[in-house]
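Enquirer: When you get a sec, could you give me coordinates for this:
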Amino acid sequence: MKPININGVTEYWLRFAGSDEEAGKWRYKPAILVECTINFRSLRAGLNHSEERNYTAWISQSDMAIDWDSPATPPHTELKMQLHNDSNLAYVAGNYLTTANDLEQYEGQLIEELIRKERLRIYFNPVFGLFSAPEDGLQDFLSQVAEAALSRIEPELIQLRRKFELQIEQIRESHCDREVSAEELSDTLITRNMRFFESENRLTEMFSTLAGSVFGATKPRRETESFGSPDDQLREDLERVEQEASNALRALYEEYLLLANEYDIFEIGLQPDNLQVIRRALLWIPVAE
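Expert: Numbers count the residues shown, from 1 in each chain. Below is the predicted model of the structure:
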């Protein structure tokens, strides 16, 4: 026999998932169910997000207060309900004094608690003013921030590349003006051309790496073999430019990392008019003895 009978109050029974043989070990226990729509709004985040939620709490015996902090069912789960009880399940006996007015008061307490405590937490990047969507995970949001960070540094990246390409060209002009003897001409030209070719390739690779989606090492590679008679001054000039380019790219990369990994938690609360109750009911939930 039901321990609570309240006229005019809708009742539902949570579907029992066990077998008939297990039914004798289970009893229906009363809880209050409140289904509602909550709406999170923020002009700053440009967000208007609605969710349908259900909240449950055990009906207390005697005159004890209800505890919304201890839900009767797992939060944010779909409740499979039916309009009648399972005849194989009995009810938990108890001294329940709950009335329809009590259920209305319980609903009011829940609303007050949600307005006071409920928050929608999303991610926010203060540098670019980006906000995540409610369903975005942190890595999804950081991917968006990384794209914005790359766009921020791309103009500086282009300027750096032009700067060091110009320095390479100036070194080329400087060394082409140097006089060499006739017998050294062929070997010297080959050596210089090889050095310029390799240095330009390394510079291109460094900047292409930074501009890509995966940032790799920006350290220039040193030559380990000579090509004919070495031109020490040319080698030193080219290595100096490569090292300066490497240092500049490394600093730019570190700036990128700071921008790409910057985020805060942005909280959006509830206002009284952002919460609408859809249904309030008495819910009978199977519990094991």
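Enquirer: from here on, contacts and neighbour counts on C-alpha atoms
Expert: OK.
Enquirer: Can you give me the buried ones in the helix or strand containing residue 249?
Expert: Taking DSSP states H and E as the definition, residue 249 sits inside helix 232-260. By 16 or more other C-alpha atoms under 10 Å, the buried positions in helix 232-260 come out as 234-235, 238-239, 241-243, 245-246, 249-250, 252-253, 256, 259-260.
Enquirer: Please identify which of those is nearest to residue 163.
Expert: residue 245 (9.1 Å; C-alpha to C-alpha).
Enquirer: what's the pLDDT at residue 118?
Expert: The per-residue pLDDT reported for residue 118 equals 94.
Enquirer: same question, residue 64
Expert: Note on residue 64: pLDDT of 86.
Enquirer: What about it, how many residues nearby?
Expert: 10 (other C-alpha atoms under 10 Å).
Enquirer: Am I right that it falls within a helix?
Expert: No: under DSSP: H, G, I helix; E, B strand; the rest coil, residue 64 sits outside any helix and is assigned coil.
Enquirer: what packs against the helix holding residue 249?
Expert: helix 138-176, helix 182-211 (3 or more C-alpha pairs under 8 Å, 6 or more residues apart in numbering; DSSP states H and E).
Enquirer: repeat that with 7 Å
Expert: Counting contacts by 3 or more C-alpha pairs under 7 Å, 6 or more residues apart in numbering; DSSP states H and E, helix 232-260 packs against helix 138-176.
Enquirer: now the helix it packs on, how far from the centre of its chain.
Expert: 28 Å (C-alpha atoms, centre = their mean, to the nearest Å).
Enquirer: any weak-confidence spans in the stretch 101-250 of the chain?
Expert: Within the stretch 101-250 of the chain, the segments meeting pLDDT under 70 span 175-231.
Enquirer: now the residue nearest the centre of the chain: how far from residue 46?
Expert: Nearest to the geometric centre of the chain sits residue 138, at 1.6 Å (C-alpha atoms, centre = their mean). Here the criterion is C-alpha to C-alpha, to the nearest Å. By it, residue 138 lies 19 Å from residue 46.
Enquirer: cool, and residue 59?
Expert: Using C-alpha to C-alpha, residue 59 is found at 40 Å from residue 46.
Enquirer: cool, residue 107 as well?
Expert: For residue 107, the distance to residue 46 equals 30 Å [C-alpha to C-alpha].
Enquirer: Between these two, tell me which one has more neighbours.
Expert: Neighbours per residue, other C-alpha under 10 Å: of residue 107 and residue 46, the larger number sits with residue 107, 20 against 9.
Enquirer: does the more buried one count as helix, strand or coil?
Expert: Here residue 107 is helix, with the state taken from three-state DSSP.
Enquirer: Which pLDDT value does the model give the closest residue to it other than its chain neighbours?
Expert: Among residues not flanking residue 107 along the chain, residue 34 sits closest, at 6.9 Å (C-alpha to C-alpha, 6 or more residues apart in numbering). pLDDT recorded at residue 34 is 97.
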